[in-house]
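Colleague: Sequence below, structure please.
(one chain, ligands or ions: 1)
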Amino acid sequence: MSWKATILTLFPEMFPGPLGQSLAGKALEKGLWRCETRDLRPFGLGRHKSVDDTPFGGGAGMVMRPDVIDTALDSAAGAEDVPVVYLTPRGRPLTQPDIRRYVAGAGVTLLCGRYEGVDERVLQARAVEQVSIGDYVLSGGEPAALILLDACIRLLPGVMGSAESGEEESFSDGLLEYPHYTRPAEWQGRTVPEVLLSGNHAAIAAWRREQSETATRDRRPDLWAAYSARLNRNTTAGSPAAFRY
Ligand code: ADE
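Modeller: Model prediction:
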């Protein structure tokens with residue numbers, strides 16, 4: 001059976017959305033992954049099928065009820081033991097190693113919140129992973145779920161061409177990528193770095209590494225610190241992070 005995304009949401013029509021196009025869309029058609037949505041609304045309570053209620057302690061907005069989410073999660077639990085991930089700005093930052101871990105399993109169950117979020121107790125009770133895609137607040141978890149899935153799908157076996165996936169493995173160290181250039185060699189008075197036209201593969205590799213390191217140091221001190229710490233720990237046998245941003 002192919003890799004399966006199960007998405008619990010009040011807006012099931014948002015899926016597969018953009019993931020029905022391009023690389024992910026073709027992979028979906030080929031059956032390389034499956035997209036199953038669970039509408040949270042039918043699990044709601046009362047005449048209005050309410051999924052939320054006012055927060056204890058007061059404050060703005062509404063909170064999604066733990067009992068409603070619990071039953072919805074029960075209905076989504078299949079034979080496979082897959083991680084349950086709740087998309088929230090309160091989560092820990094989503095990283096490429098998380099994506100690789102999700103891809104290595106049978107799939108993921110994604111819980112998309114709206115309003116102020118989900119009652120904390122159901123997240124604790126069901127050992128739900130809480131993940132954020134960045135330090136900004138979206139209107140709901142759905143766009144974040146689409147992003148998480150996009151990052152997973154491109155790594156599934158058979159989705160990317162062997163050329164692209166090969167590159168992922170060979171430049172693997174947790175640095176930002178070096179800059180890219182193509183024709184024309186001169187554009188609006190701007191030229192391409194000379195070394196890239198030299199045909200000297202060793203010099204090109206050295207230039208690219210230096211560019212990667214400089215960009216990472218300048219733009220992402222957090223990644224640079226992790227990279228430097230790894231280098232210091234492994235001065236003889238390196239164990240690089242298995243990705244490049
Ligand atoms: N839901 C709302 N904002 C989010 C974010 N930054 N990451 C993940 N889920 C979210």
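Colleague: Any regions of the chain where pLDDT drops low?
Modeller: By pLDDT under 70, the low-scoring segments of the chain are 79, 162-172, 236-240, 242.
Colleague: Can you show me the strands along this structure?
Modeller: 3-9, 33-39, 52-53, 63-64, 84-93, 107-112, 129-132, 186-187, 190-191 (DSSP state E).
Colleague: Just name the most buried of the ones you listed.
Modeller: For these, the largest average neighbour count (mean count of other Cβ atoms under 10 Å) is found in strand 107-112, namely a mean of 26. In short, each C-beta sits where N, CA and C put it, glycine included.
Colleague: for it, packing partners?
Modeller: With contacts taken as 3 or more Cβ pairs under 8 Å, 6 or more residues apart in numbering; DSSP states H and E, strand 107-112 sits against strand 3-9, helix 66-76, strand 84-93, helix 142-153.
Colleague: Please convert those to TSV, extending it with distance to the ligand.
Modeller: As requested, the helices and strands packed on strand 107-112 are arranged in TSV below (distance: least, Cβ to the nearest ligand atom, whole Å):
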stretch	distance to the ligand
strand 3-9	12
helix 66-76	15
strand 84-93	4
helix 142-153	4
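Colleague: Nearest to Arg230 among those would be which one?
Modeller: strand 84-93 (17.8 Å; Cβ to Cβ).
Colleague: which secondary structure elements does the closest one contact?
Modeller: Secondary elements touching strand 84-93 (3+ Cβ pairs under 8 Å, 6+ apart): strand 107-112, strand 129-132, helix 142-153.
Colleague: Out of those, flag the one nearest Met1.
Modeller: Of all those, strand 107-112 comes closest under Cβ to Cβ, at 9.0 Å.
Colleague: who touches the closest one?
Modeller: For strand 107-112, contacts defined as Cβ atoms under 8 Å, 6 or more residues apart in numbering pick out 3-11, 33-34, 69, 73, 76-77, 80, 82-87, 102, 118, 128, 140-142, 144-145, 148-149, 152.
Colleague: how distant is it from the center of its chain?
Modeller: Offset of strand 107-112 from its chain centre (Cα atoms, centre = their mean, to the nearest Å): 12 Å.
Colleague: Over to stretch 217-232?
Modeller: Per Cα atoms, centre = their mean, the centroid offset for stretch 217-232 relative to its chain is 21 Å.
Colleague: Just the buried residues of it, please?
Modeller: 217, 220, 223-224, 227 (16 or more other Cβ atoms under 10 Å).
Colleague: Enumerate the residues of the chain near the ligand.
Modeller: 87-89, 132-134, 136-138, 141, 144 (Cβ under 6 Å from any ligand atom).
Colleague: do that again at 8 Å, thanks
Modeller: Residues of the chain lying close to the ligand (Cβ under 8 Å from any ligand atom) are 87-89, 91, 94, 112-113, 131-141, 143-145.
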